[in-house]
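J.: Mind looking at a prediction? Sequence and model below.
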Amino acid sequence: MSVPADSPPKTFVADEIATHNTRKDIWIVINGRVYDVTRFLEEHPGGEEVILEYAGRDATEAFEDIGHSDDARDMLKDFFIGNLKAPTAATQAGGDADADHAHLRTKQNSSSWGLLVPVAVAVAFVAYKLYA
Ligand code: HEM
């Protein structure tokens, strides 16, 4: 096992994974998981070239298309180094919940205020009609 059970998996962005694209340092992504296959390259029964083609990239489709055996799938865990950070998650991470980031939300807030004005006018109008 390459990753001890007590250490949470790392997360890598696609740009970082893309820098590991040489024979001496090669990562690939399969099903959202990142694998360092540097030491496996020479042992791969399907040859180096097919894996090199996907150096630093997502190889899910190619890996699945070959119809790798259960044994092959089982081997993946030996090379697992972390998870691919989904672009949408990255976008959302900087988003809502955190009050410290309020300055980043100026635009969002101003559009909410923009909605509030007509609503307030409508409420005031109804109140006026009812009680005047
Ligand atoms: C860490 C990732 C990978 C592992 C652990 C792995 C493992 C294996 C294993 C154990 C085999 C022998 C046949 C089997 O048991 O299914 C194999 C064959 C093969 N693999 Fe991979 N593989 C990996 C990635 C890839 C990728 C990305 C490709 C890209 C196309 C690929 C293409 C092939 C091909 C063409 C064969 C030969 C199939 C045959 O001779 O019938 N493999 N692989």
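T.: Structure received. Please read these numbers as outputs of a predicted model, since none were measured by experiment. Numbers count the residues shown, from 1 in each chain.
J.: Now do the same contact list for the residue nearest to Asn21 when sequence neighbours are not counted.
T.: Nearest-residue entry for Asn21: Gly56, 3.3 Å, with adjacent residues in sequence omitted and distances by CB to CB, 6 or more residues apart in numbering. Where you see a C-beta, it was placed from the backbone N, CA and C, and this is true even at glycine. Contact analysis of Gly56 by CB atoms under 8 Å, 6 or more residues apart in numbering lists 17-21, 26-28.
J.: quick one: Gly56 is in a strand?
T.: No: assessed with DSSP: H, G, I helix; E, B strand; the rest coil, Gly56 is coil; it does not lie in a strand.
J.: then stretch 38-48 to CSV, C-alphas only?
T.: Output in CSV follows, covering the C-alpha atoms of stretch 38-48 (Å, rounded to 0.1, in the frame of the first residue of the first chain):
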residue,chain,number,x,y,z
THR,A,38,6.7,6.1,-13.2
ARG,A,39,7.9,2.9,-11.8
PHE,A,40,5.2,0.8,-13.5
LEU,A,41,6.0,2.1,-17.0
GLU,A,42,8.5,-0.6,-17.8
GLU,A,43,6.4,-3.3,-16.3
HIS,A,44,3.2,-2.5,-18.0
PRO,A,45,2.2,-5.7,-20.0
GLY,A,46,0.6,-3.4,-22.6
GLY,A,47,3.9,-1.6,-23.1
GLU,A,48,5.3,1.9,-22.2
